[in-house]
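Sequence first, then the predicted structure:
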Amino acid sequence: AVDPALVDSVVRRQTAIATIAMTTLELPTTARSLVVAPDLWWQVDSTSTRDLVATLESPWSTPQPLAELLASPASEVPRARVDYPPSAQAAELSPSYLAAVQAARADLAALRSVAPDDGSSATAGLETALTRAESGAWRRDRVSARELLGTVTTTIDEESGAVQVLSRAPVSLPGESGVIPVTVANDLDRPARVGLRLTGTPRVRFEADDVEPVTIAPGQKQTFEVLATVLGTGPVSVEIMLLTPEGEPFGDPATTEVRSAAYARAAQGVVVGLFGILVLLLGANFVRRLRTTRAAKGTAGDADDAGGTA
């Protein structure tokens, strides 16, 4: 019996050689470029790839990388385009699905920037899975495609969420400016390097410089001291965002409230001062009314004395 896989491999090689030979015989003295590509359903493996490259090595053909072919001028030989019917266009992976793959790839790149593979734990499998998620084979099974993408996205989110901000309690600064302590935990099994960015709402009431990235050991916590300035009374909502070493946002932000005690004390002083003025005004008014009452009684007594004498 003959191995079907071997037969398929031999047939593929013979077909490729025959096609290239016939194309060469059309214009034997003219060098032309051909792109040899598998169909959408071909299962690529290293052995098949080596066989295909070896097939292209013949007396009438020389293999070249695709980049070199794209850089060479177009052929002057007219050729008809392969029919691409509307049914094939409708079967393409949707833009929203490919956008979700692209977003997951961006999140994975951020994770790799913050916590690079150290040999004991790798994210190469996630990269491979995202590459598979873009395969044309999913045209026939879009449900499984979204299941694969959902699994990969969840794994990336879980690993990214292992590096998180723990500080969420309200903070009161002793003055207009002060230090805000922010604790970040790294629950990954490899080091993570992150910075911080604090943004207030409204922005005009809060100022803080970005914190340079710091490496946090696996399973450890790091407390950052962020110098900030709060203007005006009342609390300010502050968003705490982790940053990659390149300064890009990483993960989901945390929120807290920051207020300045200086304005509270100033307001308290104003209230005490106003209360004191009110007391003085009430006292002055009481004294004035007392004097008026005494003066009235004195006038009435003089009138009585004058009547009795008469």
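Ah, there it is.

going forward, measure contacts and count neighbours with C-alpha atoms only.
Will do.

for the stretch 151-300 of the chain, which spans come out with low pLDDT?
Along the stretch 151-300 of the chain, the model assigns pLDDT under 70 to residues 262-280, 282-284, 286-287, 294-300.

Okay, strands next: where are they in it?
For the stretch 151-300 of the chain, the strands defined by DSSP state E, counting those that start in this stretch cover 163-165, 171-173, 177-186, 192-201, 206-208, 211-216, 220-230, 236-243, 249-260.

list the helices and strands the fourth one packs on?
Going back to what we said before, that points to strand 192-201. For strand 192-201, the packing partners by 3 or more C-alpha pairs under 8 Å, 6 or more residues apart in numbering; DSSP states H and E come out as helix 95-114, strand 206-208, strand 211-216, strand 236-243.

let's go with 10 Å and repeat that
helix 95-114, strand 163-165, strand 177-186, strand 206-208, strand 211-216, strand 220-230, strand 236-243, strand 249-260 (3 or more C-alpha pairs under 10 Å, 6 or more residues apart in numbering; DSSP states H and E).

how far does the third one sit from the chain's center?
Put plainly, it is strand 177-186. Centroid separation for strand 177-186 versus its chain: 20 Å, with C-alpha atoms, centre = their mean, to the nearest Å.

cool, the fifth one as well?
From the chain centre to the centre of strand 211-216 is a distance of 17 Å (C-alpha atoms, centre = their mean).

cool, and the longest one?
Its chain's C-alpha centre and that of helix 95-114 lie 10 Å apart, by C-alpha atoms, centre = their mean.

Averaged pLDDT, that helix. What do you get?
Averaged across helix 95-114, the pLDDT comes to 96.

Which strands or helices does that helix pack on?
Contacts defined by 3+ C-alpha pairs under 10 Å, 6+ apart place helix 95-114 against helix 124-133, helix 142-161, strand 192-201, strand 236-243, strand 249-260.

OK, contacts around Pro59?
Contacts were defined as C-alpha atoms under 10 Å, 6 or more residues apart in numbering; by that measure Pro59 touches Ala21.

nope, Asp252 is what I meant
Applying C-alpha under 10 Å, 6+ apart, we find Asp252 in contact with 157, 160-161, 163-165, 240-242.

What degree of burial does Thr199 show, as a neighbour count?
For Thr199, the neighbour count with other C-alpha atoms under 10 Å is 18.

With respect to Gln89, which of the helices and strands packed on helix 95-114 lies nearest?
helix 142-161 (14.6 Å; C-alpha to C-alpha).

buried sites along that closest one?
Neighbour-count burial for helix 142-161, counted by 16 or more other C-alpha atoms under 10 Å, picks out 142, 145-146, 148-149, 152-153, 156-157, 159-161.

No further questions, thank you.
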